[in-house]
Structure formats: structure tokens, C-alpha cells
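Colleague: Provided below for reference: sequence and predicted model.
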Amino acid sequence: MEMVKLRRIVLELKNVSKRYLMGETYVDAIKDVSLRVHENEFISIIGPSGSGKSTLLSIMGLLTQPTHGAVFIDGINVSNMNKDKIAEIRGKKIGFVFQSFNLIPSLTVLENVTVPMMFLGVNRREREERAKEIIREVGLSFRMYHFPNQLSGGERQRVAIARALANDPSVILADEPTGNLDSQSGEEIVNIFKNLHRKGRTMVMVTHDEDIAHASKKLIHIKDGTISKTVSVGNKRMMIEKQVIKKKNKRVKKNKKENYERMK
Ligand SMILES: Nc1ncnc2c1ncn2[C@@H]1O[C@H](COP(=O)(O)OP(=O)(O)OP(=O)(O)O)[C@@H](O)[C@H]1O
Ligand SMILES: [Mg+2]
């Protein structure tokens with residue numbers, strides 16, 4: 001019998017919708033979306049501008065309350081919890097990376113990374129020790145005491161990633177993390193994500209750049225607030241392989257036929 005490896009569901013949306021009310025009118029940004037993120041998945045959400053990607057990610061990250069539907073983090077239904085409880089779960093379980101970095105300008109790299117740990121009551125020594133370790137992990141040890149405005153865009157985003165890792169979250173959510181970067185810095189950020197994924201992290205990244213999306217193992221396409229298709233890279237490779245085999249078989253048949261005709 002074939003063994004099926006069951007991976008834990010880290011994050012789940014069940015029939016989630018988001019309607020933004022604006023005076024007399026409204027926008028249905030997300031319409032009845034259900035999805036699951038399993039442990040150690042690396043997912044890209046891709047789609048045109050205005051299709052609802054950021055809204056979807058901020059619902060997943062508990063930054064936006066859906067109008068309908070339920071959000072589960074590590075199996076816990078957070079939909080009906082109060083704001084304080086939701087903030088607590090967000091702080092512990094979600095690491096968010098934004099396009100515009102969102103670092104605190106008056107704090108050093110080290111201090112920025114320690115901030116999320118303060119809310120969980122980790123003592124100062126432990127905070128700094130852990131922060132230094134993560135800053136090393138994103139390759140920024142040499143910028144420990146710099147302030148954000150003394151860093152390049154790529155370096156700032158690495159600080160933001162380190163900050164997202166501070167509380168050892170269940171999932172890292174990144175909204176256009178390379179959107180403000182030149183292509184080389186963008187590539188570096190993508191490589192850090194690939195590395196984190198290899199080390200067992202679970203990640204969801206929003207992008208409208210196909211090349212960047214292909215760093216991940218699964219692509220969720222969003223169109224007009226709904227999932228239009230989901231592509232797993234493994235499956236895609238399999239599909240391409242199947243096509244190659246088909247073509248090859250055709251060629252073999254043709255050759256056989258030709259040989260046969262020749263022999264006649
Ligand atoms: N706070 C808000 N109030 C009202 N409408 C909003 C709000 N945020 C987003 N929208 C609308 O919801 C829709 C989806 O927006 P969203 O920002 O999720 O799209 P997106 O796919 O992230 O786009 P982009 O690629 O440009 O970042 C858009 O029509 C947008 O105008
Ligand atoms: Mg967006």
C-alpha cells in the first residue's frame with residue numbers, strides 16, 4: 001500500500017469573503033475563498049492588480065476581519081475572538097513581511113528585530129541573543145547597530161524578514177516582498193525565502209511577478225476576488241513529462257511504421 005504523508009494544516013480559510021463598504025457603494029474584494037496551507041508549504045499568490053491578493057493575505061494574517069467565513073490558525077478558529085486575543089495569536093503565530101519594510105526608523109536593526117518578542121514578555125537578554133542569531137541567519141550581522149535609513153532596500157527587507165522570524169511563527173506571510181527592490185536585491189530576498197523553506201518554514205508570498213512566484217512550490221492564481229486556478233510545481237513537472245513521453249511514443253510509432261514500410 002502506498003504511504004501518504006499527512007502534513008499538518010497550519011492555516012485554513014473556509015468560505016471567506018470580504019466586502020469593503022464605501023459610503024453608498026461597496027467592493028467585493030474576496031468572494032468565497034477556501035484554502036489550506038500545510039506545514040512547510042511554500043505558496044505564491046499571483047494575480048493582476050486589484051484582484052484581492054493583499055486583502056486575502058491580510059485576512060490570512062489576521063490583520064483584516066473577513067465579512068463572512070472562518071479563519072483557522074493551527075486548528076484554532078479565530079473568527080469569533082475579540083481583538084486582543086486575535087492580536088495575541090497574530091503576534092505568536094504570524095510573521096508578516098511588507099513591500100515597504102515597515103521598520104521603526106528610530107530603532108537599530110537589533111532593536112527592530114527584538115520588538116515582537118517584547119510583546120510576548122521575553123526577557124532582554126534572551127531577546128537580544130535570539131535577535132542576533134536571526135540577524136545572522138539573514139546575513140546581516142555586519143549591520144546590527146545600523147538604523148534603517150543607513151541600509152539599502154534589500155538590507156531593510158532582510159531586517160523585516162528577521163523581525164518576522166522573531167517569534168518563531170507558524171507561517172510567514174509576505175506581500176510583494178520584492179516590489180520595492182531592484183532585480184538583484186529581489187533575487188537575494190527570494191533566495192532567503194527558499195532557504196527558510198528548505199529549513200522547514202511555511203510561507204505564503206503575494207507577487208505579480210511570475211519569475212518570483214516560480215521560486216515557490218504552489219501557485220494560487222487570484223482573479224476578481226476568487227481562486228481561478230491552483231498549480232503545484234510537482235504536478236506541472238509531471239504534466240510536462242507526460243507530454244514529452246507522449247511525443248516520444250508518437251515518434252517511436254512513426255519510426256516503427258517507416259521502418260516497416262522500408263522493409264516491405
Ligand atoms: N481598505 C479598502 N477600502 C475599500 N476598498 C478597498 C480597500 N482595500 C482594497 N480595496 C479594494 O479591494 C480590491 C482588492 O484590493 P487588493 O489591495 O486586495 O488588491 P491587490 O490584488 O493586492 O492589488 P495590487 O496588486 O495592486 O496590490 C480593489 O478593488 C481595491 O480597490
Ligand atoms: Mg496588493
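Modeller: Here it is on my side, so go on. Numbers count the residues shown, from 1 in each chain. Ligands and ions are numbered 1, 2, ... in the order given.
Colleague: which stretches of the protein have low pLDDT?
Modeller: 1-5, 235-253, 256, 259-264 (pLDDT under 70).
Colleague: and with 80 instead?
Modeller: Scanning the chain for pLDDT under 80 picks out 1-6, 234-264.
Colleague: all helices of it, in order?
Modeller: All helices of the chain, identified by DSSP state H, fall at 53-60, 83-93, 109-118, 124-137, 153-165, 183-198, 210-213, 233-263.
Colleague: Isn't R90 up against L63?
Modeller: Yes. Contact status for R90 versus L63: in contact at 7.3 Å, counting by CB atoms under 8 Å. (C-beta placed from N, C-alpha, C; glycine too.)
Colleague: just to revisit the earlier point, let's have the helices of the chain in a markdown table, adding distance to ligand 1 and mean neighbour count.
Modeller: Converted to a markdown table, the helices of the chain look like this (distance: least, CB to the nearest ligand atom, whole Å; neighbours: other CB atoms under 10 Å):
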| stretch | distance to ligand 1 | mean neighbour count |
| --- | --- | --- |
| helix 53-60 | 3 | 23 |
| helix 83-93 | 17 | 15 |
| helix 109-118 | 24 | 22 |
| helix 124-137 | 28 | 16 |
| helix 153-165 | 17 | 24 |
| helix 183-198 | 16 | 17 |
| helix 210-213 | 13 | 16 |
| helix 233-263 | 22 | 10 |
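Colleague: Can I get these in JSON lines including distance to S44?
Modeller: Shown next, in JSON lines, are these (distance: least, CB to CB, whole Å):
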{"stretch": "helix 53-60", "distance to S44": "10"}
{"stretch": "helix 83-93", "distance to S44": "21"}
{"stretch": "helix 109-118", "distance to S44": "24"}
{"stretch": "helix 124-137", "distance to S44": "22"}
{"stretch": "helix 153-165", "distance to S44": "16"}
{"stretch": "helix 183-198", "distance to S44": "10"}
{"stretch": "helix 210-213", "distance to S44": "4"}
{"stretch": "helix 233-263", "distance to S44": "10"}
